[in-house]
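**Q** The following block contains a protein sequence and its predicted model.
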Amino acid sequence: MIKKEKNLQGRNTPLVPWFANTAGRGATFSSAQANVTPDQTKAFLLTPKKTYGIQTFDMLAMLAANSDDATFLKQTTDAVDAVARAVGRDVAFKIWRNFGGARGRIAVGGVAGAVLTLENPGDIVNFEFGMRLRQSTTDGTSGALGAGNQTIVGLNRRAGTITLSAGTNFLAQDYLFMDGDFGLGCNGVAGWIPTTAPTVGGGDSFLGVDRAADSRLYGQYLDAATLNLSTEEAIGQMDVQISREGGKVSHVFINPIDFGDFRNQLSSQAIYDKAASADRANVSFTVLKYAGVKGDISIVSDADCPQKQLLVSQLDTWVLKSVGEVPHISNANGDSWVQMSAEDSAELRQAAYFEVGCYAPAYNGRVQLA
């Protein structure tokens, strides 16, 4: 549903958010002129982040299939779709996180040999069979990787557990990363809307901007768990906060499990509707309707939204900027298939170069549910 713009260029593309009205105002012309201050414009510098998907085909199998056009077409179509799903899922996951790239965290007491129990069971959607995992004591925004490097050989998605080829070096409360991802994610929702407010003089630098100057640069946060608020109460309170700042909440994004709980809370009061994709007329989403301060709000279920977290959002303030399509087939040599030099096979390569931007963080808020 996020707006897409294929205009990410060079190493740094500036994104200028709404930040401050001019201070050059007064009841008299002379006071207005005297109150003029330097331009308060801030520019976040977006740098393309990368993700790749690769599928290898045996040349003999390709040539044999080529004698049957239908078989060859099915093989290549399946390969393209499989890689596109892998890259697309990675982008969808990263849109919600910070640049650290952590896919989950091991629970307290969550290591039993080679079996890991996730602190947040809903994060199991971020892992795949055969994925190679690394671990760290930090979330990837600082620190370094540990010594572990193991392959996932089993997933219990009901229980939120992962079985590794070996559990060596993996400890309770470690953060988990796909091999190669540490510190290389995009600046998603968790980066743009931090749970801890930057402090003046604290050295904040987010995409080149010290956001401590004004909370309009880092948005809203509500700890509904500590305040013992229900989901409905939390949405209502955040809607009021954003409306006070001048925003108009259009959507709330919520994990499917929390969506189900919220639907049960509303019971017979639940009203269903459809919400459309920003750029695909044939794609729509089933939503719940909620009466907000400035109009109806669509409650949207999103499996990539972390469990027990909400994004209360004026959706048109968000953008996915990219270089080309997300994803696209890499064919710089003019061919979609790259023949390998050291083996009798060919590679299909897909890539995505992208970053997430928010033009008005103040019109968005994160909520931590109980």
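**A** Good, I have the coordinates.

**Q** going forward, measure contacts and count neighbours with C-alpha atoms only.
**A** Will do.

**Q** Tell me the buried residues in stretch 99-117?
**A** Going by neighbour count (16 or more other C-alpha atoms under 10 Å), the buried part of stretch 99-117 is 99-107, 110-111, 114-117.

**Q** So the residue sitting nearest the centre point of the chain versus Ser205, what's the distance?
**A** What sits nearest the mean C-alpha location of the chain, by C-alpha atoms, centre = their mean, is Ile95, with 1.7 Å. Noted for Ile95: a distance of 20 Å to Ser205, by C-alpha to C-alpha, to the nearest Å.

**Q** and if you look at Gly247?
**A** Here the criterion is C-alpha to C-alpha. By it, Gly247 lies 25 Å from Ser205.

**Q** Of the two, which one has the most company?
**A** Using other C-alpha atoms under 10 Å as the criterion, Gly247 and Ser205 rank with Gly247 on top: 20 against 12.

**Q** residues near Val300, how many?
**A** Using other C-alpha under 10 Å, Val300 has 22 neighbouring residues.

**Q** Enumerate every residue touching it.
**A** For Val300, the residues meeting the contact criterion (C-alpha atoms under 8 Å, 6 or more residues apart in numbering) are 251-254, 259, 285-288.

**Q** May I see those residues arranged in TSV, with distance to Leu60, secondary structure and pLDDT as well?
**A** Below are the contacts of Val300 laid out as TSV (distance: C-alpha to C-alpha, whole Å; DSSP: H, G, I helix; E, B strand; the rest coil; pLDDT from 0 to 100):
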residue	distance to Leu60	secondary structure	pLDDT
His251	51	strand	96
Val252	50	strand	97
Phe253	47	strand	97
Ile254	47	strand	96
Phe259	49	helix	93
Phe285	43	strand	73
Thr286	45	strand	78
Val287	48	strand	86
Leu288	52	strand	91
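
**Q** mind checking the backbone torsions on the residue nearest to Gly88 when sequence neighbours are not counted?
**A** Distances taken as C-alpha to C-alpha, 6 or more residues apart in numbering put Pro327 closest to Gly88, at 6.7 Å, once the chain neighbours are dropped. According to degrees, to the nearest 10, the main-chain angles of Pro327 amount to phi -90, psi 180.

**Q** show me what contacts Pro327?
**A** By C-alpha under 8 Å, 6+ apart, Pro327 lies in contact with 84, 87-88, 350-353.

**Q** Quickly check those residues for the two that are furthest apart.
**A** Maximum pairwise distance among the contacts of Pro327 (C-alpha to C-alpha): 13.6 Å, between Ala84 and Tyr353.

**Q** Would you map the strands across the stretch 1-150 of the chain?
**A** For the stretch 1-150 of the chain, the strands defined by DSSP state E, counting those that start in this stretch occupy 3-5, 13-15, 44-46, 49-58, 104-112, 115-118, 132-136, 150-156.

**Q** Of all the ones you listed, which one is nearest Ala332?
**A** The closest of the strands of the stretch 1-150 of the chain to Ala332 is strand 49-58. By C-alpha to C-alpha, the value is 14.6 Å.

**Q** So which residues of the chain form helices?
**A** For the chain, the helices defined by DSSP state H occupy 29-34, 59-66, 69-94, 189-192, 224-227, 231-244, 256-266.

**Q** how about the fifth one: buried residues?
**A** Applying a neighbour-count criterion of 16+ other C-alpha under 10 Å, one finds Ala224 buried in helix 224-227.

**Q** and the contacts of Val300 as a markdown table, adding distance to Arg11 and neighbour count?
**A** A markdown table is the format used below for these (distance: C-alpha to C-alpha, whole Å; neighbours: other C-alpha atoms under 10 Å):
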| residue | distance to Arg11 | neighbour count |
| --- | --- | --- |
| His251 | 32 | 24 |
| Val252 | 32 | 26 |
| Phe253 | 31 | 23 |
| Ile254 | 33 | 25 |
| Phe259 | 39 | 23 |
| Phe285 | 35 | 16 |
| Thr286 | 38 | 14 |
| Val287 | 38 | 21 |
| Leu288 | 40 | 23 |
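
**Q** so which of those comes closest to Val189?
**A** When the contacts of Val300 are ranked by distance to Val189 (C-alpha to C-alpha), Phe253 comes first, at 11.2 Å.

**Q** if I read this right, that closest one contacts Asp304, doesn't it?
**A** No - contact criterion C-alpha atoms under 8 Å: Phe253 and Asp304 do not qualify, at 9.6 Å.

**Q** Can you tell me which of the buried residues of stretch 99-117 lies closest to Asp210?
**A** Minimum distance to Asp210 across the buried residues of stretch 99-117 is 17.0 Å, recorded for Phe99 (C-alpha to C-alpha).

**Q** which residues sit in contact with the spatially closest residue to the closest one that is not a sequence neighbour?
**A** Distances taken as C-alpha to C-alpha, 6+ apart place Gly185 nearest to Phe99, at 4.0 Å, with adjacent residues excluded. By C-alpha under 8 Å, 6+ apart, the contact set of Gly185 is 49, 94, 97-101.
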